[in-house]
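1. Next come a sequence and a model predicted from it.
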Amino acid sequence: MSIRELINENSIVLKADINIVNAARQLLESRLSALPVVNDEGGYLGMFCMKRLLSMLLPRAVLIEGGVSDLGFVTDPMETLCERMHEQGSHPIDAALDKSAPVAYPDTPLLEVVLHLYRGANDIPVVDKQTGRLLGVVAGSDLLAQVCKVNHAQ
Amino acid sequence: MHNETIHAIFGMNPLWLATFIFIATYAIIISERINRAIVALLGGGLMILCGILTQEAAIRGIDFNTLGLLIGMMVIVSITKKSGVFQFVAIWIAKKVKAHPIGIMLMMSLVTALFSALLDNVTTVLLVTPVILLITEELKIKPYPYLFATIFMSNIGGTATLIGDPPNIMIGSAANLSFNDFLFHLTPIIPLIAMATLLPIWWFWRKDMVATSQDRARVMRFNEIEAITDWKLLKQALLVFVLVIVGFMLHSVLHLQPATIAMFGAAMLLLLENFACDAEEQGKRVHHALSEVEWVTLFFFIGLFIAVYGIEQAGLISAMATGMLSFTGGDLTTTALTILWGSALASAFVDNIPFVATMIPLIKSMAPAMGGEQAIMPLWWALALGACLGGNGTLVGASANLVVAGIAERAGTPIRFATFLKIAFPLMLISIAISHVYLYLRYLA
């Protein structure tokens, strides 16, 4: 089996021209942890992740390399978190894209995809190598379900 | 000094060969195209391979007291910082001034200078800068005055003590100057220099240092006690730290080098931290503490000490000393003030460590012509003040400056070279002018 058979071609996709608040709304409605973002031609641009959304709620001083290592002493209330989200919410989604998220191609070995999922990605976008178009998404849960199904059949 | 007959490779003139190797090493270090530790080690290695130094002479050239002191303090700090004490102090003082932006700048500057006097500058700014960014973000104010003050105060505070800045460690070790000598001769002028530096920063940014009561309340809600992550470790670290500082103050009475005290303190703290752990955990913790030592800096020192010993043995240093003496006419005042301003200007643009490493044997070799070791004491203070404070002149003048700039850049508040130069260079000149007057009135008038 190759990853072609695991690609979900009907996954929710975000367009590059929406802002962060609207993208966040779609992400939360989908109940997924990340959604791929494409341009008008369907070219893959990056992933819009829950982790990136959460980072907007944190002070920048903890997000940088060598920054503050814990926040046990900071008692910011919910209003401050809302304020931080509000400040960045109207920005275009491009500012919140994870462009370094792992990407698979139709010929990527299955085990490589498993490794990316193991390292923390919940869904891996699959992209056409030549055109850069998004073909769909391989979900960790689909892959595991397939493994269990085959195992059970044997 | 062990002067030996030099048999340079291919019968070449050792003086010219050593000079060429040294200048090439210096030039490549300044160009920053290759890591400075690699360049210094290659320069030192070439001194041996080209026959300028024997392997035994090269080992003699390495100042193990400087290395030991640096390693010991780095280990102590790497363990201590895990307790969260530095974060605690920063938050505590911010709350003591009711989170007022100007009060925070003053108190943070004081803490930075104090930490820097007792720890190395880079460690200090690594600990202080993230907390400053957090507090200024909570106050919704520009972090620039605070970042600039952190840079200046780390270099100014580091000037105050034997252990505050690597040039002082090198000078103290080479000239046999104690912790108390630095306290007695350098520390008194530091508060004045600090004030003369902070005042213009406040004046320049005073309109930006305003926060709403709502934002100040947010900082006031910080719970500094929660910043302490390990109380037991904190107590152990403070105990060792106090003992080490007392040891430094008494080192001439104890007949112990500062390196011995720092290394013993590091070993003590490692023991206290690991005493109750199993072998596997001990392995992990010791590995972590030792991996925090800045080995790049230490190997840079090793290579540099050998390279400088090479030019010393080849006769370049004594030739330079003769040149310097004829330039200043052997006059102590002219020599001291030339060293002060020359060191400051050089250290503003090039790494002060190789500069000081070169100046130490130069000053030592001038001693006989200027009335002996005791008579040249002002020259050491001139070198320390010039080399340490000169680092404030530009963004590349000291490692701490670049560390702050790096953290600031990652946080989205970049510090530009030209912007920094415009503010920092005049402030550096002011600090050197104050040092000039101080040296003149105290030692030269």
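-> Yep, that arrived. Note that the structure is a prediction, hence the values are computed from the model and not measured.

2. What number of residues are in the vicinity of A:Ile124?
-> A total of 28 residues lie near A:Ile124 under the criterion other CB atoms under 10 Å in any protein chain shown. For every residue, glycine as well, the C-beta is placed using N, CA and C.

3. can you check the one 5 residues further on too?
-> A:Lys129 is flanked by 11 other residues according to other CB under 10 Å.

4. what does chain A put close to chain B?
-> Residues of chain A that fall close to chain B, judged by CB under 8 Å from any CB of the partner chain: A:59-62, A:64-68, A:70, A:72-76, A:80.

5. So which of the residues you listed sit within helices?
-> Counted as lying in helices by DSSP state H, out of the residues of chain A next to chain B, are A:Arg60, A:Ala61, A:Val62, A:Thr80.

6. Would you check that the last one makes contact with B:Arg218?
-> Right, the one you point to is A:Thr80. Yes. Under the criterion of CB atoms under 8 Å, A:Thr80 makes contact with B:Arg218 at 6.8 Å.

7. Looking only at neighbour counts, state which of those two leads.
-> B:Arg218 (21 against 17).

8. what about A:Leu27, helix or strand, and which?
-> Assigned by DSSP states H and E, A:Leu27 belongs to helix A:20-30.

9. ok, back up a step: restricted to buried residues, select the residues of chain A next to chain B in PyMOL.
-> Restricted to buried positions by 16 or more other CB atoms under 10 Å in any protein chain shown, the PyMOL selection for the residues of chain A next to chain B reads:
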select buried, chain A and resi 59+60+61+62+64+67+68+73+74+76+80
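
10. Spatially, which two of the residues of chain A next to chain B are the most separated?
-> The largest distance within the residues of chain A next to chain B, taken as CB to CB, falls between A:Glu65 and A:Thr75 and amounts to 25.2 Å.

11. How about the contacts made by the residue positioned nearest the centre of chain B?
-> Nearest to the geometric centre of chain B sits B:Asp165, at 2.2 Å (CA atoms, centre = their mean). Contacts for B:Asp165 (CB atoms under 8 Å, 6 or more residues apart in numbering or on different chains) come out as B:Ser116, B:Asp120, B:Asn121, B:Asn155, B:Gly158, B:Thr159, B:Cys388.

12. give me the low-pLDDT residue ranges for chain A?
-> For chain A, applying pLDDT under 70 flags the ranges A:1.

13. Swap in 90 and give it another go.
-> For chain A, residues meeting the criterion pLDDT under 90 lie at A:1-11, A:30-33, A:51-52, A:59-62, A:64-91, A:94-96, A:100, A:120-123, A:139-143, A:145-154.

14. And the helices in it, which stretches?
-> Ranges of helices in chain A, per DSSP H, are A:20-30, A:50-55, A:60-63, A:78-89, A:110-118, A:140-153.

15. gap between the shortest one and the chain center?
-> I take that to be helix A:60-63. Relative to its chain's centre, helix A:60-63 lies at 21 Å (CA atoms, centre = their mean, to the nearest Å).

16. ditto for stretch B:20-40
-> On CA atoms, centre = their mean, the centre of stretch B:20-40 falls 20 Å from the chain's centre.

17. how far is the helix or strand where B:Trp203 lies from where the chain is centred?
-> Using DSSP H and E, B:Trp203 maps to helix B:190-205. How far helix B:190-205 lies from its chain's middle: 20 Å, per CA atoms, centre = their mean.

18. same thing with stretch B:379-396?
-> Taking the mean of its C-alpha atoms, stretch B:379-396 sits 10 Å from the chain's own mean (CA atoms, centre = their mean).

19. Those residues of chain B touching chain A, which are they?
-> Residues of chain B lying close to chain A by CB under 8 Å from any CB are B:84, B:87, B:91, B:126, B:130-131, B:133-134, B:137-138, B:218, B:221-227, B:229, B:406-407, B:410-412.

20. Can you check the distance spanned by stretch A:100-112, start to finish?
-> Stretch A:100-112 has an end-to-end distance of 16 Å (CA to CA, to the nearest Å).

21. Just the buried positions in that stretch, please.
-> Neighbour counts using 16+ other CB under 10 Å place A:Ala101, A:Pro102, A:Val103, A:Ala104, A:Thr108, A:Leu110 of stretch A:100-112 among the buried residues.

22. before we move on, what about stretch B:395-413?
-> For stretch B:395-413, the neighbour count (16+ other CB under 10 Å) marks B:395-408, B:410-411, B:413 as buried.

23. from the buried residues of stretch A:100-112, which is closest to chain B?
-> Closest approach to chain B among the buried residues of stretch A:100-112 (CB to the nearest CB): A:Ala101, at 20.2 Å.

24. For A:Met47, see how far away that closest one is.
-> 4 Å (CB to CB, to the nearest Å).

25. next one: phi and psi at the residue nearest to the centre of chain B?
-> Dihedral pair for B:Asp165: phi -150, psi 140, per degrees, to the nearest 10.

26. what packs against the next helix or strand after the helix holding B:Trp203?
-> Heading C-terminal from helix B:190-205, the first helix or strand you meet, by DSSP H and E, is helix B:213-220. Secondary-structure packing of helix B:213-220 (3 or more CB pairs under 8 Å, 6 or more residues apart in numbering or on different chains; DSSP states H and E): helix B:85-96, helix B:121-139.

27. which residues sit against helix B:213-220?
-> A:Asp76, A:Thr80, B:Ala94, B:Lys95, B:Lys98, B:Ala99, B:His100, B:Ile135, B:Glu138, B:Leu139, B:Lys140.

28. any common contacting residues for A:Ala101 and A:Met47?
-> Common neighbours of A:Ala101 and A:Met47, using CB under 8 Å, 6+ apart, are A:Ala34, A:Pro125.

29. How many neighbouring residues does B:Leu238 have?
-> 13.

30. what helix or strand does it sit in?
-> Element membership for B:Leu238, per DSSP H and E: helix B:231-249.

31. Show me how far that helix is from its chain's centre.
-> Remark: helix B:231-249 is offset 21 Å from the chain centroid, using CA atoms, centre = their mean.

32. Between helix B:85-96 and that helix, find me the angle.
-> With axes from the mean of the first three to the mean of the last three CA atoms, to 10 degrees defining the directions, helix B:231-249 sits at 90 degrees from helix B:85-96.

33. which other helices and strands contact helix B:231-249?
-> Helix B:231-249 makes packing contacts with helix B:64-80, helix B:85-96, helix B:179-185, helix B:258-274 when contacts are defined by 3+ CB pairs under 8 Å, 6+ apart.

34. mind checking which of the ones you listed is nearest B:Arg442?
-> Per CB to CB, nearest to B:Arg442 of the helices and strands packed on helix B:231-249: helix B:179-185, 8.1 Å.

35. Remind me what the closest one packs against, helices and strands.
-> On a contact count with 3+ CB pairs under 8 Å, 6+ apart, helix B:179-185 meets helix B:166-175, helix B:231-249, helix B:377-390.

36. A:Val114 is nearest to which of the ones you listed?
-> helix B:231-249 (40.0 Å).

37. can you pull the buried residues of the closest one?
-> B:Leu233, B:Leu234, B:Gln236, B:Ala237, B:Val240, B:Phe241, B:Val244, B:Ile245, B:Gly247, B:Phe248.

38. any chance of the helices and strands packed on helix B:179-185 in CSV, with mean pLDDT too?
-> Output for the helices and strands packed on helix B:179-185, formatted as CSV (pLDDT from 0 to 100):
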stretch, mean pLDDT
helix B:166-175, 91
helix B:231-249, 93
helix B:377-390, 96
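
39. quick one: contacts for the residue nearest to A:Ile7 when sequence neighbours are not counted?
-> In space, and not counting its chain neighbours, A:Ile7 is closest to A:Gly136: 3.9 Å by CB to CB, 6 or more residues apart in numbering or on different chains. A:Gly136 is in contact with A:Ile7, A:Asn8, A:Glu9, A:Asn10, A:Ser11, A:Pro125, A:Val126, counting by CB under 8 Å, 6+ apart.
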